[in-house]
Structure formats: C-alpha cells, structure tokens
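K.L.:
Generate a structure from the sequence data that follows.
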Amino acid sequence: MAAKFNMNPLKNPMPTQDPTVRNGNFDEVALGYTAEMAIDEAKRCIGCKNRPCVAACPVNIKIPEFIAKVAEGDFEGAYQIIAEDSSLPAVCGRVCPQETQCEGKCTRGIKAGCEAVGIGRLERFVADWHNANCTVQPVPAPLNGHKVAVVGSGPAGLTCAGDLAKMGYEVTVFEALHVAGGVLVYGIPEFRLPKAIVQKEVDNLKALGVKVETNMVIGRVITIEELKEEYGFDAVFIGSGAGLPKFMNIPGESLKGVYSANEFLTRSNLMKAYRADSHTPIQHGKCVAVVGGGNVAMDAARTAKRLGAEVHIVYRRGEEELPARREEIEHAKEEGIIFDLLTNPTRILPTETTDPRDPAYGWVNGIECIRMELGEPDESGRRSPKEIAGSEFVIPVDCVIMSLGTSPNPLLKATTPGLETLRRGEIAVDEVGKTSIEGVYCGGDAATGAATVIKAMGAGKVAAKAIDEYIKTSKATK
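P.N.:
Down below sits the predicted model:
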C-alpha cells in the first residue's frame with residue numbers, strides 16, 4: 001500500500017532549461033512538473049487543520065483542498081477548486097512570490113532543513129493541465145441588466161471583470177495598449193510568463209461574456225464621467241496600474257541609452273511578441289547596468305542578457321536584502337548576471353565626443369558608483385547602507401536601465417474632477433476600493449503603487465463584491 005504522505009523534507013525540483021541554452025532564447029525557463037512529480041509533491045502536504053497557507057494567500061485559494069485532489073490524480077477537480085477564487089491560476093503559478101505568501105506560512109517549511117510544499121508549482125501544473133486537456137468552454141451567467149466598465153486589463157482589472165461577469169454583469173474592459181493583459185503582457189518577459197498563457201486566461205474571460213476594447217486610453221478617448229453619463233455604465237473599476245517610472249535624479253540620466261525598466265521591458269516584449277526581424281525597437285547594448293534589485297530588475301537584466309549583453313545588477317544593499325524572488329535571483333546568477341551589491345550609482349557618464357555631428361555624441365559610456373556598507377541596526381533591526389568615502393569607481397557600460405519602482409500615471413487624476421489621490425499619486429480608496437467619486441472603484445497598483453500580481457487580484461475581487469453590493473443597493477433605492 002502506497003504511503004499517504006511523502007515526508008521528503010525537500011520539494012520536487014522544478015525542471016528548467018540549461019542556462020547555457022536559455023541565454024540564447026526567450027522560451028520559458030521553468031518547464032513545469034510532470035503528472036508524477038505533481039502527485040509526489042502534493043503528497044508532501046499534510047493537510048493541517050489551521051490552514052496557514054490559505055490565510056497568507058491574498059485571494060484565499062483553498063490550497064489544501066486543491067492539493068488533495070492533485071494527490072488523488074484528479075487534476076480537473078483541483079483546477080475547479082482553484083477557479084472558485086482565482087481567475088488567473090496559470091499566471092499566479094508562475095509569477096506570484098509564493099515564498100513570502102502561501103509557502104512562507106506552510107507548516108512543512110517551519111522545521112529546519114525542510115522546504116515548504118511547492119504550492120505555486122502545483123498551481124501552475126493544474127492550470128496547464130486544464131488548459132491542455134479541457135475543451136469545455138465556460139458558460140456565461142444570465143445577464144442582470146447592469147453594465148460595469150473596467151479600466152485596464154492587468155491582473156486587478158481582469159480579476160474584477162471575471163468576478164462581475166460570473167455575477168451576471170455586462171462587463172467591458174478598456175485597455176490603453178493594443179493587446180489585453182497589461183503588465184502581464186508588456187512588463188513580464190516571455191521566458192518567465194509566456195504570452196500564450198496570458199492570452200488563454202483572457203480568452204477564458206471572453207468566454208464568460210467579458211468584452212475587451214483595446215487602444216482605449218481612458219482619460220483621453222473617453223473620460224470616467226463619460227463612461228457613466230454617456231455610455232450608461234452603472235459603475236467603473238479603475239485597474240490602470242502604476243506605469244510612471246521613478247529615477248534617481250543623478251547627472252546623466254537624460255543621456256541616450258538610459259531607459260526605465262518599464263520602457264525597456266515593454267519594447268523588448270513587443271519585439272519578441274510581434275517582430276521577428278532584426279530591426280528591433282530597443283538598443284542592443286554590449287554592457288548594461290540595471291539599477292535595482294526587485295523582480296523587475298531581474299526581468300530587465302535577464303532580458304538584456306538574452307539580447308547579447310554583459311549585464312550588471314547594481315544594488316545599494318546586500319544579497320539578503322534583495323527584494324526579488326529567490327528563484328529569480330538564482331536563475332539570474334546561473335545565466336551569468338554580475339551582481340554589484342553594496343554599490344550605488346552617483347552619475348552616468350557620456351562619451352567623450354563633444355561634436356553633435358558625431359554618432360556617438362550624447363550616449364552613455366559608463367556609470368560611476370560608490371561602494372556602500374551597512375550601518376548599525378535601527379529599532380526594527382534594519383541596517384541602512386551608507387557610503388564609503390573615496391570608494392568611487394566606474395563600470396564601463398553603454399546602456400543603463402533604472403528599475404526603482406513606479407507610481408500611477410497622473411492622467412486619470414488630471415481628467416477626472418473630484419478624484420482624490422494620495423501624495424505619490426495613488427488613487428485614494430477605502431477598504432473595499434471605493435474612491436471619492438460615486439460608483440467609481442479602484443484596486444491594484446493604481447491604488448497601492450507597484451505591488452504583486454496576486455495582491456492586485458485580491459483587490460480586484462474585493463472591489464467586484466463591493467460593486468455588486470453598490471449596484472444592488474442603488475437599484476433597491478430607486
């Protein structure tokens with residue numbers, strides 16, 4: 001009789017492309033579990049009664065239940081459990097920071113020398129199995145006679161749209177760019193999240209009756225007020241993300257060859273998704289510095305590596321403080337990314353030519369940095385970096401990518417009278433996403449600043465429920 005539980009302290013390794021091979025392509029790095037591996041990994045879950053993993057999931061997926069189905073080999077049953085709470089399981093299984101959320105609270109991972117159950121890997125396997133094997137299309141819910149507009153087709157917008165469609169609302173998603181998916185398409189590289197996966201999730205929503213209008217810049221083509229007053233939408237959800245990049249404001253940031261990570265990744269993703277020729281809309285640097293240490297910085301660095309560059313990650317703290325996922329850091333190291341830690345840029349250097357007619361005029365030629373050291377711990381135990389006097393040095397680069405975070409685009413604030421925002425431009429909301437304007441809700445990065453995909457999804461779910469209650473209440477009082 002087979003053992004009920006697998007007590008191996010380590011999770012099943014994720015098969016991946018060899019680093020020397022994947023550096024030359026944009027194919028997905030992680031190859032996914034086989035059915036046998038998934039069942040074996042699922043048996044590591046002990047189904048503990050207090051379910052800390054569920055509480056740590058921003059959308060509260062019923063994790064022990066879906067894993068139990070995987071352990072039984074009932075992969076479609078597992079998918080249906082996940083789908084009760086998540087509209088984007090194939091996406092979340094790939095890009096969520098499980099190690100700080102569900103897996104970070106897993107009972108199996110508490111004991112020294114033990115690893116948490118591979119919840120994200122199992123979610124990815126289940127979603128991929130469903131997409132490959134299930135041909136049954138979702139059935140749209142009967143319409144209830146009410147319309148909701150969703151601004152932005154990123155994770156918050158898609159989640160809100162999906163939940164509202166299941167409630168019977170006629171939902172239209174307005175996307176500013178020409179492909180639905182938001183940051184999932186434009187901001188995350190193909191090797192980490194294939195575009196076909198995102199498109200499949202979008203198609204699933206369309207099968208529920210969700211309409212998607214692309215090339216619609218809300219605030220320019222149509223205003224929020226017009227969506228309500230002229231187009232008859234009973235409510236509006238804003239999930240437009242945070243696409244305004246931050247810079248260091250150091251000398252040289254206006255030189256040619258300096259990008260925000262947003263621009264670099266958007267251009268390279270468009271190139272890989274829609275262009276096969278060599279006339280690419282992005283500079284192919286020979287030596288690139290990426291300033292920052294988060295997931296976006298890793299994405300930019302690994303993309304530049306695949307475009308043929310030597311790549312340096314420049315980060316002012318140490319390795320333990322790197323905010324990126326551990327898996328992304330390890331993949332970057334395997335691929336030959338150079339980590340210049342405890343290092344902070346002070347200025348970006350131009351080429352030496354002063355002749356504007358010279359093609360090299362005005363381009364990046366290096367980045368000057370200073371060494372840092374960690375100071376004494378503060379009350380919270382955090383050690384802030386401080387400069388080491390006289391330790392300046394230059395990294396010779398021809399391209400610099402700034403990955404320092406983002407804030408919401410100010411367009412909606414500028415074109416929507418009465419819409420209150422916070423100091424950094426985030427749209428002010430209450431605990432359910434309600435804004436200062438009647439019938440207008442907001443969630444995700446537009447309300448919080450740059451965060452994770454799953455947190456944006458959680459905000460979309462909360463707002464969808466609040467919108468439903470708002471419309472029902474409004475209808476009852478009319």
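
K.L.:
Show me the shaky parts of the stretch 201-350 of the chain.
P.N.:
In the predicted model of the stretch 201-350 of the chain, residues 271-281 satisfy pLDDT under 70.

K.L.:
For the longest strand anywhere in the chain, which strands pair with it and how are they oriented?
P.N.:
In the chain, assigned by DSSP state E, the strand with the most residues is strand 364-377. According to DSSP bridges, strand 364-377 forms sheet pairs with strand 343-350 (antiparallel), strand 383-387 (antiparallel), strand 393-395 (antiparallel).

K.L.:
residues making contact with it?
P.N.:
With CB atoms under 8 Å, 6 or more residues apart in numbering as the contact definition, strand 364-377 has outside contacts at 252, 255-258, 289, 314, 316-318, 340, 342-352, 383-388, 391-400. Glycine gets a C-beta too; all of them are placed from N, C-alpha and C.

K.L.:
are any of the residues you listed buried, and which?
P.N.:
The neighbour count (16 or more other CB atoms under 10 Å) marks 252, 255, 257-258, 289, 314, 316-318, 340, 342-345, 347-351, 383, 385, 395, 397-400 as buried among the contacts of strand 364-377.

K.L.:
Domain map for the protein?
P.N.:
Structurally, the chain divides into domains by automatic domain parsing as follows: 19-133, 147-243+407-477, 247-404.

K.L.:
Tell me which of those is the most buried.
P.N.:
Between these, the one whose residues have the most neighbours on average, counting mean count of other CB atoms under 10 Å, is domain 147-243+407-477 (a mean of 21).

K.L.:
Return the distance of it from the chain's centre.
P.N.:
The offset between the C-alpha centroid of domain 147-243+407-477 and the centroid of the whole chain comes to 15 Å, using CA atoms, centre = their mean, to the nearest Å.

K.L.:
Please produce CSV containing the strands paired with strand 364-377, extended by distance to residue 414.
P.N.:
Output for the strands paired with strand 364-377, formatted as CSV (distance: least, CB to CB, whole Å):
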stretch, distance to residue 414
strand 343-350, 30
strand 383-387, 36
strand 393-395, 38
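
K.L.:
which stretches of the stretch 1-150 of the chain form helices?
P.N.:
Using DSSP state H, counting those that start in this stretch, the helices found in the stretch 1-150 of the chain span residues 19-22, 35-42, 52-55, 63-72, 75-83, 89-95, 119-133.

K.L.:
Please produce TSV containing those, extended by mean pLDDT.
P.N.:
Shown next, in TSV, are the helices of the stretch 1-150 of the chain (pLDDT from 0 to 100):
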stretch	mean pLDDT
helix 19-22	94
helix 35-42	97
helix 52-55	95
helix 63-72	97
helix 75-83	96
helix 89-95	94
helix 119-133	96
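
K.L.:
Ok, which of those helices comes nearest residue 460?
P.N.:
For residue 460, the closest of the helices of the stretch 1-150 of the chain is helix 89-95, at 12.6 Å, according to CB to CB.

K.L.:
Provide the secondary structure category for the closest residue to residue 175 other than its chain neighbours.
P.N.:
Once its chain neighbours are removed from consideration, residue 175 has its nearest residue in residue 153; the separation is 4.2 Å (CB to CB, 6 or more residues apart in numbering). Here residue 153 takes the coil state, with states given by DSSP: H, G, I helix; E, B strand; the rest coil.

K.L.:
who's in contact with residue 55?
P.N.:
Taking CB under 8 Å, 6+ apart as the criterion, residue 55 is in contact with residue 105.

K.L.:
and the gap between it and residue 284?
P.N.:
When CB to CB, to the nearest Å is applied, the distance between residue 55 and residue 284 equals 46 Å.

K.L.:
Same check on residue 253?
P.N.:
From residue 253 over to residue 284 the distance is 21 Å, taken as CB to CB.

K.L.:
And for residue 122?
P.N.:
Computed with CB to CB, the distance linking residue 122 and residue 284 is 38 Å.

K.L.:
same deal with residue 208?
P.N.:
Look at residue 208 and residue 284: by CB to CB, they are 41 Å apart.

K.L.:
ok, residues contacting stretch 311-325?
P.N.:
Counting by CB under 8 Å, 6+ apart, the neighbours of stretch 311-325 from elsewhere in the structure are 97, 99, 287-295, 297-298, 301-302, 304-305, 329, 332, 336-345, 367, 369, 372, 374, 385, 395, 397.
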